[in-house]
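Visitor: sequence and predicted structure are below.
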Amino acid sequence: MDTPPLLVQVTNVTKRFGGTVALNEASFACRHGSIHALVGENGAGKSTLVKMLAGVVVPDSGQIDINGQLSTMQSPADAARLGIVPVFQELSLMTSLTVAENVFISNPPHNRLGLVNQRKLRQQSEALFADLGFSHVDPDALVSELPLAQRQLVEIAKALSRHPQILIMDEGTSALAVHDVSLVFAVMRRMRDEGRSVIFISHRMDEVKEIADHLTIFRDGRNLGSFVTGEVNEGQMVQLMIGHSLEEVFPPKPEITAPRQPLLEVINLSWDNRLNNINLSVGKGEIVGLGGLDGQGQGELLFALFGLLNGITGQICIEGKPRHINSPSVAAKAGINLALIPEDRKTEGLILKMSVGNNVTMATIDELSRFGLIDERRELTTIQRVIQQMQVKVSTLKAPVNTLSGGNQQKVVIGKWLLTQAKLYLLHDPSRGIDVGTKQEIYRLIRELADQGAGILYFSTELAELVGMCDRVLIFYEGKVIRELVGAEITQQAIVSAGMGLNATVVEPIEK
Amino acid sequence: MTTIAKSASSARSWFANMDSQNRSAVIAYLLIAVLIILGSIFVTPNFMTPTFLLQQLRQASFLGIIAAGQMVVILVGNIDLSVSWTLNLAAVVATAIAAGRNDLLIPGILAGLAIGAIVGLINGIGVAYLRIPSMVLTLGTNTVLKGIMVFYTGSAPQFQKTPDFLSYVATEIIGGVIPITVLVWAVVSIISIFVLHRSTLGRKIYAVGNNEVAAYLSGIRTPRVLVGAFVLSGVLNALAGLLIAGNAGRSFNEMGEPFLLPSIAAVVIGGTSILGGSGKYIGTIAGVIIIRLLDSGLSVMQVSPAARSIIFGLVILTMLFLYGRGEKARK
Amino acid sequence: MTANISVEAALRLRFRRLVNRNFRVGLAFIAMFILLTINAALNPRFFTAPVLTSTSNQAMTLIFAGMAQTSVVVTGGIDLSVGPIISLTNSLASTLFPRNVPGGIGAIIVVLLAGALCGLVNGLIVVYGRLQPIIVTLATASIFGGIALYLRPTPGGFVPDWYNAVLTQRIFGLIPASLVFLLLVILVVWTPFRRSRLGMWVYATGSNEAATYMSGINVNRAKLAAYMMGGLLAAIAGLFITAQTQSGNASTGAVFTLQSIAVVVLGGTSLFGGSGGVSGTIAGGFTLRLISGILFFANVNPLQQPLWEGAVMLIAVVAGASRIFTVKNRLDILR
């Protein structure tokens, strides 16, 4: 009895990037007419898997079969020929081209001479957008003229214009407005009903439950099991994803015995309609979380504090003194002592081609010098001390920092600021793309910093981290702090409902 | 036999494990050795004599000083296309102020160097604070400088003869062995090595060239580093201009034109990445010497200028491929 | 009522877009028209056929050189061999031209092919050698310049009068032939390229190479096409200057490398690629050349001409950088 071949069958694929194993003998299958969710923590291997299916990444070993045929994809063009089209998290649009040109870039309507028929191009896009329900997107606009949420729709339309057999979405809905999400879901369901499949990565559990037929859980580069949605409950899923219960992952929170001395006070901070009258404070030894939906001003707050934004109003006080911070060099200098652990450590936190040692002393090189010349012996002992304290796994200090694993790279970023004796750490998703073991070390380290008297502003997109790490959590919504959760109030439930504006009580601005 | 094989393989692994910046420099010096050997076989046996080689270094020192400045600018991820007319303006103003008199030489030199610094400052501010692409901005300042020069020297001829002492510095060979210009180049080189490889400014230069955002977010005042790089380049150009004028006995228009493209070529042949952030100063010295040896070897052999130009281009491409291959072999 | 408002809003949106998208190119045209007006005011005979023809001729080689540069800059690259390709094609033309017309047409075709081949070589090394365009074309510039020198060690050669007449004289004694030639090149060479799928992919590659690759497009082919187009247009510049000077000279193109970049920048094309086009470049080319006319008729010392040219270019560059003062997140400046 012949069973029809599976649409996608991935068998024992392995992929290494430098020292890190992104996929470890992972297998995966997806059948025709299915909406299949991939879930797991950041760095679990989901993105690598879908990049492999899209022909962007070539596996080191293992086998991929599409429709029962062994595939030898080497490029996105190869994948497209097999009917696989991706929508990636990083927007992959040509911003100086029009929406219509972007959507039909690979096969624009043209005459025999190869000239593009602009009128037909626009008509085709209008028809496609109408069909998908995206009529509010203007095909004549340049992509650079569109707001972020609409760009994501263009991206999805672009993928669908190629009539994919398999649509791959890596966080494809993360930037969308609520209404647009339902439009995209409708399209996904229609594809499924036509016997085509959607493989998507999402970090929103509610989304997975609503739309997916099947889900597969990844951890540490392996497939831990595929389920029909509803077969497993959320608790089981979380258990599988993180491998141990939350208590084991996060260091214990200290008991508060005395009131904390104030470290940072922010009064009526506003910027460009994206930060609106923010008031908050961080005490010494306190970890304050920034929660809420993505992009509600949490990142901008960190930027503002670190002196990166022009035209902010309001006041920032460090240890009671008002400070005017207009550049990172001011933010980092003695007396203010801020430290930023940026969102993207590869492009913003580290200088990848420079050595581990050079990166560690990047912020303090002036102090390790005499008359402008670097005191190499003192620099070396300093670097060794930090490497030891942070337990960075590195063969030689001269190795370029990009040879380290993600977790060790992040330790180098934090180590850089240990040397400036930073008083207040601004953390922007510090555990992103780090394996679970190292994550735990980083959590412990952050708690140690706090115990030694540093203040910490902790912005994370992972709810579990906010719950596990923070003494207080401030919920952001449209550039405002709308809710403050303290101690036992901090639960995933509370953060989610507050973040969506439920039970909102706006923290009143302080009258001057 | 086995020891030879073993030492060959250990040499290969030494070569393969080397830092890519060092490896590029080693390749460049190997090419120098090859050029000298080929030169002494095919051109003239003199090629291997110290006198000939020192003579070559003397000829190379002008380009060497310019290339040092160009390298710093390339290291911070930019390019300086205003080389030719910066050095021209500096030289003309210096000779005009000195008016051929040794006692006015110091003010003349200071004025020349100041002009280099000011041009560098303007370039640096435009690039660092106005974020104008350096290729465009320095092209613009170059055109304006040329305009100033043509207007200034064309309307009322200035005194262009260099003071005797400057000519002495630029042409004298101490004890018939060591040319003073080579000493000047050596001093510039030693300072460059200290600045680039030992100082905080050097560390910041490499940081900015590799990743300006990360450097800025580490509290480095990146705009100042950029301005510093361009000022350094401007001053070194001016210094070279003074020596070139001294060597010729006078300053003259278009005296800097032959130096722009070779200065970029020397830096790149020396293994510095045109994208910035990687390269050793020692490689740039090699790049300058390679250009000089090729030039003189081919002209002694009476190779036509046409063939010389073609060979020059092929050498640049070959070196780039060699460096690129090394990079791929490591991955 | 609401329909009216939305129509009005749509029109306003269109207008705002038109202004925003063509801001830099528009500036180039405004500059050109201002200079034209000043020229006309200073010289009552400016709008006569002979003066217009000579003005057009003076600007034409630079304009073609700028178009060649534009084609490469759009991909985010740069071509430092534009000048030497002009020299090479000029030298080649001056050695190939026979007296008869059919042979002359054959020579022209060979010269065009030679230019395209130079561009192809640039493209192949950039694409398959994975090397930076600036340094590759610096090297090939030396090679092409050498070949030019080999073809024509000393200035000279033969260029027939009919060829000079066709490209640089007037048609019906009225219309500058060079302007018609420019129009022809735009219609026959540039527009088909720009409006084709390949042209779209060239712009896409310049805008976001990774995204274009992800969209399943052969990025390498797009780049090769752009470099070849650059070589072809440089050959056209070489052919024009051959007609103008009626001789060959291996160093005739040298000045055009840097000037072509200047013209591209004046014309509002971003050096980062993906946007801009030849219309701005053409305006930029005329602007730069019209300055000399003004200085001449304003009785300004001709020695000031390079200074003014440089000043105009610097002003354009600084004006283009003015957006820096409106940026709200300093990281956006660096990225």
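Guide: Perfect, thanks for sending it. These figures come from a predicted structure and were not determined experimentally.
Visitor: name the nearest residue to whichever residue of the stretch 101-250 of chain A sits closest to chain B, ignoring sequence neighbours.
Guide: Nearest residue of the stretch 101-250 of chain A to chain B: A:S144, at 17.9 Å (CB to the nearest CB). For the C-beta atoms, the positions are set from N, CA and C on the backbone; glycine is no exception. Spatial nearest neighbour of A:S144, chain neighbours left out: A:T95 (4.1 Å); criterion: CB to CB, 6 or more residues apart in numbering or on different chains.
Visitor: in the stretch 151-300 of chain B, which residue sits closest to chain A?
Guide: The stretch 151-300 of chain B approaches chain A most closely through B:G219 (3.5 Å), counting by CB to the nearest CB.
Visitor: which of the three states applies to that residue?
Guide: coil (DSSP: H, G, I helix; E, B strand; the rest coil).
Visitor: pLDDT weak spots in the stretch 101-250 of chain C?
Guide: Residues of the stretch 101-250 of chain C meeting the criterion pLDDT under 70: none.
Visitor: got the residues of it near chain B?
Guide: C:125, C:129-132, C:134-136, C:138-150, C:153, C:250 (CB under 8 Å from any CB of the partner chain).
Visitor: neighbours of residue 95, just the number please.
Guide: By default, I'm working from chain A. Using other CB atoms under 10 Å in any protein chain shown, A:T95 has 17 neighbouring residues.
Visitor: chain C, not that one
Guide: A count of nearby residues for C:T95, using other CB under 10 Å, gives 13.
Visitor: a helix runs through it, doesn't it?
Guide: Yes - C:T95 forms part of a helix when assessed by three-state DSSP.
Visitor: pull out the buried positions in stretch A:253-267.
Guide: Within stretch A:253-267, the residues that count as buried by 16 or more other CB atoms under 10 Å in any protein chain shown are A:P262, A:L263, A:L264, A:E265, A:V266, A:I267.
Visitor: kindly report the same for stretch C:212-220.
Guide: Within stretch C:212-220, the residues scored as buried using 16+ other CB under 10 Å are C:T212, C:Y213, C:M214, C:S215, C:G216, C:I217, C:N218, C:V219.
Visitor: could you measure from B:G324 over to chain C?
Guide: 7 Å (CB to the nearest CB, to the nearest Å).
Visitor: which of the helices or strands spans that residue?
Guide: Taking DSSP states H and E as the criterion, B:G324 maps to helix B:305-330.
Visitor: spell out which parts of the stretch 101-250 of chain C neighbour chain A.
Guide: Residues of the stretch 101-250 of chain C lying close to chain A by CB under 8 Å from any CB are C:192, C:195-201, C:203-204, C:206-208, C:210-218.
Visitor: helix, strand or coil for C:G284?
Guide: At C:G284 the chain is in helix, as set by three-state DSSP.
Visitor: tell me the pLDDT at it?
Guide: Per-residue confidence (pLDDT) for C:G284: 91.
Visitor: hmm, it is touching C:I261, no?
Guide: No - using CB atoms under 8 Å, C:G284 is not in contact with C:I261; the gap is 10.5 Å.
Visitor: who has more neighbours, the two?
Guide: The residue with more neighbours, out of C:G284 and C:I261, is C:G284; 34 against 24, by other CB under 10 Å.
Visitor: run the chain-centre distance for stretch B:143-162.
Guide: 25 Å (CA atoms, centre = their mean, to the nearest Å).
Visitor: brain fart, stretch B:228-239
Guide: Here stretch B:228-239 shows a centroid-to-chain-centroid distance of 11 Å under the convention CA atoms, centre = their mean.
Visitor: contacts for it next, please.
Guide: Here stretch B:228-239 makes contact (CB atoms under 8 Å, 6 or more residues apart in numbering or on different chains) with B:65-66, B:68-70, B:72-73, B:75-76, B:78, B:80, B:82-83, B:86-87, B:90-91, B:112-113, B:115-121, B:123-124, B:127, B:184, B:188, B:195, B:201, B:205, B:256.
Visitor: ok, residue 32 - contacts?
Guide: The chain I'm using is chain A. Contact analysis of A:H32 by CB under 8 Å, 6+ apart lists A:P4, A:L6, A:L7, A:G195, A:R196, A:S197.
Visitor: try chain B instead
Guide: B:I32 neighbours (CB under 8 Å, 6+ apart): B:A286, B:I289, B:I290, B:L293.
Visitor: tell me the mean pLDDT for the strand or helix carrying it?
Guide: Using DSSP H and E, B:I32 falls within helix B:20-38. Across helix B:20-38, the average pLDDT comes to 84.
Visitor: just how off-centre is that helix within its chain?
Guide: For helix B:20-38, the distance to the chain centre is 17 Å (CA atoms, centre = their mean).
Visitor: buried set for that helix?
Guide: Within helix B:20-38, the residues that count as buried by 16+ other CB under 10 Å are B:20-21, B:23-29, B:31-32, B:35-36.
Visitor: the residues you listed: which two are farthest apart?
Guide: Greatest spatial distance in the buried residues of helix B:20-38: B:S20 and B:I36, 25.1 Å, computed using CB to CB.
Visitor: how many other residues sit next to C:Y150?
Guide: Around C:Y150 there are 17 residues (other CB under 10 Å).
Visitor: ok, now which ones touch residue 173?
Guide: If you meant another chain, say so; for now it's chain A. A:T173 makes contact with A:Q152, A:V181, A:V184, A:S202, A:R204, A:E207 under the criterion CB under 8 Å, 6+ apart.
Visitor: should've been chain C
Guide: C:G173 touches C:A49, counting by CB under 8 Å, 6+ apart.
Visitor: relative to A:E286, how far out is the nearest residue to A:G283 once chain neighbours are set aside?
Guide: Distances taken as CB to CB, 6+ apart put A:R260 closest to A:G283, at 2.8 Å, once the chain neighbours are dropped. Counting by CB to CB, to the nearest Å, the separation of A:R260 from A:E286 is 5 Å.
Visitor: in stretch A:314-321, what's buried?
Guide: In stretch A:314-321, counting by 16+ other CB under 10 Å, buried: A:G314, A:I316, A:I318, A:E319.
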